[in-house]
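In: Could you look at this predicted model? Sequence included:
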Amino acid sequence: MRIMLVTDAWEPQVNGVVRSLSRTIEELRAMGHKVELVTPYDGYRILPLPTYPEIKMAIGARQDLDFRFETFQPEAVHIATEGTLGLTARRMCIDNGFPFSTSYHTQYPEYITARFPVPLSWGYAFVRWFHSMAGKVMVATPTMKALLESKGFKNLALWTRGVDTDLYTPARRKDDRGPFAGMAGPIFLYVGRVAVEKNVEAFLKATLPGTKVVVGDGPAREELARKFKDVHFLGAKFKDELADCYANADVFVFPSLTDTFGLVILEAMASGTPVAAFDAPGPADIIPGSNAGVIGDDLQANALACLTLDRGVARAYAETYSWRACAEQFLGNLDPLPAMDRRKIWKKLKSSLAARRRKSPIDPVI
């Protein structure tokens, strides 16, 4: 299948959305599918997102997107994010009567409300509108699916996540604790964006023995480093260095209340490190019954309880998640053109696109 995948989130951004998409694309290509990936870094004019400069917004992408759409002739279009590029792709599909699917990676309304004095209902009105025309809206967990259904979303479908069990492995654990050598144990670790919506401060305020370590970067890092001088802020780590951090921690602490999944949870478990979290979307679907972590309303108590868990059990549980299964589920959720009508539909679409160019050579931009 020829799949056009449009995302506002892509490398060099470091987050669960980017990792999930990149690994899914790897698997799709390994299965023989062709993927046309559209990101803000494809030569478009980009602007930093207010209050979050690491995230870029593509401006004026419509003309190029139309060209790539016509040239690639996808059989399915998936729009991964609700940013400016996602909005442009949505408009393009609607203008051409082309089916598309979307995914809900981030609790966007909660993020906006955490940063700006905007009612939560406004955020949900926007994302409900954005996803309303999608044939399928892919969500990571049953809890997230139920939440969105309660908010009036339709056509929801599950799309779970996987983990790289070769990179993230207990074999990386060192006697001297590798990247944490010289730090007092036990080591309590957080990995992710250091931002207000991630609720990192709940972890930093907890009274825990040993040492707290934060791996990651973000707009709240400097302020939190000044406020919590006993915490080790190591900045962003990647691949082998990141995997070493997971394996050499004693407990991974996931304080977020707004994530839709929490890929870092599986990465920690694959490394043999149990996970402490709140009873929130993501952790509530991954951790209960696994014996690989503890969830509840008391993050401090959860973290301490994780010290008694078997690291081997955490690893075994993570091994039940695979990226191939994730990619196959993604494929099953796409809303592709009917196989028998693809040539006929594309002949009509190309005529429509050509007529639109003659009528309006300068495309509207977002």
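Out: Everything's here; your move. Residues are numbered from 1 along each chain as shown.

In: Quick check: the gap between Asn15 and Arg193.
Out: 6 Å (C-beta to C-beta, to the nearest Å). C-beta here means a position set from N, CA and C on the backbone, and glycine is covered the same way.

In: do you know how far Ser352 is from Glu70?
Out: As judged by C-beta to C-beta, Ser352 and Glu70 stand 10 Å apart.

In: In terms of neighbours, single out the busier of these two.
Out: Between Ser352 and Glu70, counted using other C-beta atoms under 10 Å, the more crowded position is Glu70 (17 against 14).

In: Am I right that Met4 is in a helix?
Out: No. Checked against DSSP: H, G, I helix; E, B strand; the rest coil, Met4 lies outside a helix; its state is strand.

In: Which parts of the stretch 101-250 of the chain are strands?
Out: Ranges of strands in the stretch 101-250 of the chain, per DSSP state E, counting those that start in this stretch, are 101-103, 137-139, 156-158, 187-191, 211-215, 232-235.

In: and those strands as JSON lines, adding distance to Val313?
Out: Formatted as JSON lines, the strands of the stretch 101-250 of the chain follow (distance: least, C-beta to C-beta, whole Å):
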{"stretch": "strand 101-103", "distance to Val313": "31"}
{"stretch": "strand 137-139", "distance to Val313": "27"}
{"stretch": "strand 156-158", "distance to Val313": "25"}
{"stretch": "strand 187-191", "distance to Val313": "18"}
{"stretch": "strand 211-215", "distance to Val313": "23"}
{"stretch": "strand 232-235", "distance to Val313": "27"}
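
In: Most tightly packed of those?
Out: With neighbours taken as mean count of other C-beta atoms under 10 Å, the strands of the stretch 101-250 of the chain reach their highest mean count in strand 101-103, at a mean of 27.

In: Walk me through which strands that one pairs with, and which way each runs.
Out: strand 76-79 (parallel), strand 137-139 (parallel) (DSSP bridges).

In: Just the mean pLDDT for it, thanks.
Out: What strand 101-103 shows for mean pLDDT is 97.

In: With only the CA atoms kept, save the host helix or strand of Gln329 in CSV.
Out: In this assignment (DSSP states H and E), Gln329 forms part of helix 323-333. Provided in CSV are the C-alpha atoms of helix 323-333 (Å, rounded to 0.1, in the frame of the first residue of the first chain):
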residue,chain,number,x,y,z
TRP,A,323,6.4,-3.0,17.0
ARG,A,324,5.3,-5.4,14.3
ALA,A,325,1.9,-5.9,16.0
CYS,A,326,1.7,-2.2,16.4
ALA,A,327,2.2,-1.6,12.7
GLU,A,328,-0.3,-4.3,11.7
GLN,A,329,-2.9,-2.7,14.0
PHE,A,330,-2.1,0.7,12.4
LEU,A,331,-2.7,-0.8,8.9
GLY,A,332,-6.0,-2.3,9.9
ASN,A,333,-7.2,1.1,11.1
